[in-house]
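Participant: Dropping a prediction and its sequence here:
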Amino acid sequence: MVFFWLFVLGLLTYVLLQRSVSRITRTPVWLLWLVMMLPAFILTGWVIVNGSEEPAPTALLLGLFIVCPILYWALIQKGRISVPPSAKPEAEAGEAKRAIAPPSKPALRPIEKDEEATLQGCFPWSVYYLQNIEYHPQAMICRGQLRASPTVAYDTVRDNIRRHFGDRFLVIFQEGLQGKPVFALVPNPQAEKRDRSQTLTRPGLALGLLLVTLFTTTAVGTYLAGVTEDQLQATPALILQGLPYALGLLFILGCHEMGHYLAARRYGMRVTLPYFIPVPFFLGTLGAFIQMKSPVPNRRALFDVGIAGPLSGLVVAVPLLLWGLSQSTVVPIPEDGSSLLNFEALDPKASLMLTLLSKLVLGAQVAADQAIHLHPIAIAGCLGLVVTALNLMPVGQLDGGHIVHAMYGQRVGSVVGQVARLLVFGLALVHPELMIWAILLFFIPAADQPALNDVSELDDRRDFLGLLALTLLVMIVLPAPGILTRLLY
């Protein structure tokens with residue numbers, strides 16, 4: 001069983017690396033994967049040799065979780081895709097969008113000599129006083145003084161570029177290291193593919209994955225409902241008892257991804273339909289995802305797309321959890337303790353939000369020394385909270401990373417991501433079931449990909465919603481404080 005979960009972790013880790021860092025470094029993915037999996041391999045070997053009852057030495061744990069991240073970072077930096085030396089500061093600040101792969105045979109200059117005057121005319125002095133243009137094979141860095149609001153300046157320059165050059169370039173507006181906004185024009189990779197017939201949405205694939213995931217989650221739900229294998233073989237119709245869990249969980253995950261999908265479509269972004277990931281074990285699914293096929297236009301769109309998923313999923317998960325709690329039963333806390341994912345005896349005090357919701361529904365039925373045997377619908381609702389919390393972690397390209405980046409900018413968002421990873425690791429010491437997620441966060445790039453207009457700030461309403469989302473994250477993952485439990489129980 002240990003090797004089975006090690007295989008699952010290794011597979012997820014490889015997919016994560018392939019999607020996140022393979023485009024920013026030439027270091028082989030297999031080598032990064034080996035470094036990332038080294039703690040899991042060593043700890044698994046320790047358990048096999050010494051048994052699970054003898055904990056690994058603290059020095060070994062600290063060594064693994066200090067040396068491996070440093071080695072991982074060094075390997076990424078050693079193989080990082082290089083940029084022209086004069087453009088390096090802007091690249092470090094995110095001016096040249098890293099998600100855009102350079103063409104295999106770049107031209108010496110992105111524009112011809114006779115087009116330079118046309119390009120300079122795209123920057124009206126009243127909005128952005130252009131001082132100089134640096135030409136590189138893969139980008140043009142346009143420096144100057146901002147004379148209008150960032151939104152007006154970006155929209156004006158972008159529209160002028162489109163009018164004179166069509167869709168040849170993506171116009172990127174980033175904060176420079178000296179605090180002065182600069183423009184970067186990079187070749188648009190979508191322009192070469194415009195004439196190719198590409199099917200962005202594949203409803204057949206999306207529907208097929210949904211049906212398979214419905215089957216796997218129903219099978220898991222049958223087990224969670226207490227149906228044994230012998231009972232299921234004798235009465236196959238008992239598998240229908242897994243439908244409440246399956247439908248509830250898929251509804252929450254589907255609403256989460258549809259929130260992202262609809263928000264992205266609202267801004268005209270090219271995006272795929274939600275794809276579910278079925279697995280015949282654990283929860284029956286590893287979640288769902290969508291793929292964005294076009295850059296994010298601005299920080300407002302980045303924020304809206306990022307927050308739409310967690311809020312949509314939470315709006316569905318909380319009512320389902322409330323109803324499921326009303327159908328659940330109160331049981332004694334087992335002698336070996338409880339956890340956030342122990343559905344047969346869940347200790348509501350493991351989460352501040354679960355504490356409040358359980359007292360709201362069950363009232364005096366649940367005491368301080370009691371746990372809750374969750375109804376299948378309550379299990380789906382509880383998993384909805386966990387999924388929301390994991391996605392709201394303010395790290396890299398997670399939803400929380402998008403939110404913090406949009407609120408405070410890319411550089412501040414990167415710092416927040418670094419701090420969040422350390423805090424989650426500390427939290428995993430309280431909730432050991434989150435340790436795998438805490439380890440994975442250390443290998444997700446802390447910096448989020450910049451939007452095309454990464455300078456214009458959010459309005460007060462979005463800032464408030466962002467703080468509310470982070471507050472919900474804290475309420476889900478932090479245990480109920482002692483003073484609150486003494487008041488409620």
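Facilitator: Done, it's in. Numbers count the residues shown, from 1 in each chain.
Participant: hmm, which helix or strand of the protein has the shakiest average pLDDT?
Facilitator: Ranking every helix and strand in the chain by mean pLDDT, DSSP states H and E puts helix 88-92 at the bottom, with a mean of 40.
Participant: Which SSE is immediately downstream of that one?
Facilitator: Next in sequence after helix 88-92, counting helices and strands by DSSP states H and E, comes helix 116-120.
Participant: got the CA coordinates for that following helix in CSV?
Facilitator: Taking Å, rounded to 0.1, in the frame of the first residue of the first chain, the C-alpha atoms of helix 116-120 are listed here in CSV:
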residue,chain,number,x,y,z
GLU,A,116,10.4,52.0,-36.4
ALA,A,117,8.8,55.4,-37.0
THR,A,118,5.3,53.7,-37.0
LEU,A,119,6.1,52.0,-33.7
GLN,A,120,7.3,55.2,-32.1
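Participant: So which elements touch the helix or strand following that helix?
Facilitator: Note on helix 116-120: by DSSP H and E, the next helix or strand toward the C-terminus is strand 128-136. Helices and strands touching strand 128-136, by 3 or more C-beta pairs under 8 Å, 6 or more residues apart in numbering; DSSP states H and E, are helix 116-120, strand 139-146, helix 150-165. Where C-beta positions appear, they are placed from N, C-alpha and C, glycine not excepted.
Participant: now for the shortest one, which elements pack on it?
Facilitator: Using 3+ C-beta pairs under 8 Å, 6+ apart as the contact definition, the elements that helix 116-120 packs against are strand 128-136, helix 150-165.
Participant: can you check the last one too?
Facilitator: Counting contacts by 3+ C-beta pairs under 8 Å, 6+ apart, helix 150-165 packs against helix 116-120, strand 128-136, strand 169-175, strand 181-187.
Participant: Tell me which residues touch the residue nearest the centre of the chain, please.
Facilitator: In the chain, the C-alpha closest to the average C-alpha coordinate belongs to Leu398, at a distance of 1.9 Å (C-alpha atoms, centre = their mean). The neighbours of Leu398, taking C-beta atoms under 8 Å, 6 or more residues apart in numbering as the test, are Leu390, Asn391, Leu392, Ile444.
Participant: Please enumerate the strands of this structure.
Facilitator: Assigned by DSSP state E, the chain shows strands spanning 128-136, 139-146, 169-175, 181-187, 275-278, 285-289, 329-332, 370-373.
Participant: quick one, the first one and strand 181-187 angle?
Facilitator: Yep, that's strand 128-136 we're talking about. 40 degrees (axes from the mean of the first three to the mean of the last three C-alpha atoms, to 10 degrees).
Participant: coming back round to it: weakest of the helices and strands packed on helix 116-120 in terms of mean pLDDT?
Facilitator: Mean pLDDT per stretch puts strand 128-136 lowest among the helices and strands packed on helix 116-120, at a mean of 88.
Participant: Check the offset of it from the chain's centre.
Facilitator: Relative to its chain's centre, strand 128-136 lies at 35 Å (C-alpha atoms, centre = their mean, to the nearest Å).
Participant: Where is the longest helix in the chain?
Facilitator: helix 299-326 (DSSP state H).
Participant: distance from the centroid: which residue in this structure tops it?
Facilitator: The chain, farthest from centre, C-alpha atoms, centre = their mean: Asp114 at 44.4 Å.
Participant: Against Arg162, how distant is that residue?
Facilitator: Note on Asp114: its distance to Arg162, by C-beta to C-beta, to the nearest Å, is 19 Å.
Participant: now Ala139
Facilitator: 18 Å.
Participant: Name the residue in these two with the higher neighbour count.
Facilitator: Using other C-beta atoms under 10 Å as the criterion, Ala139 and Arg162 rank with Ala139 on top: 27 against 14.
Participant: Report all helices and strands that the longest helix of the chain contacts.
Facilitator: Secondary elements touching helix 299-326 (3+ C-beta pairs under 8 Å, 6+ apart): helix 243-266, helix 352-362, helix 376-391, helix 399-408, helix 460-477.
Participant: of all these, which lies closest to Pro28?
Facilitator: helix 399-408 (25.5 Å; C-beta to C-beta).
Participant: coming back round to it: could you dump the helices and strands packed on helix 150-165 to TSV with distance to Val318?
Facilitator: What follows is these, written out as TSV (distance: least, C-beta to C-beta, whole Å):
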stretch	distance to Val318
helix 116-120	52
strand 128-136	46
strand 169-175	37
strand 181-187	41
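Participant: Serialize those to TSV and add fields for mean neighbour count.
Facilitator: As requested, these are exported to TSV (neighbours: other C-beta atoms under 10 Å):
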stretch	mean neighbour count
helix 116-120	14
strand 128-136	16
strand 169-175	23
strand 181-187	23
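Participant: where's Pro481 relative to Thr355, distance?
Facilitator: Pro481 is 9 Å from Thr355, by C-beta to C-beta.
Participant: quick revisit: with distance to Gly121 added, can I get the strands of the chain in a markdown table?
Facilitator: Putting the strands of the chain into a markdown table (distance: least, C-beta to C-beta, whole Å) gives the following:
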| stretch | distance to Gly121 |
| --- | --- |
| strand 128-136 | 9 |
| strand 139-146 | 12 |
| strand 169-175 | 15 |
| strand 181-187 | 14 |
| strand 275-278 | 45 |
| strand 285-289 | 43 |
| strand 329-332 | 73 |
| strand 370-373 | 68 |
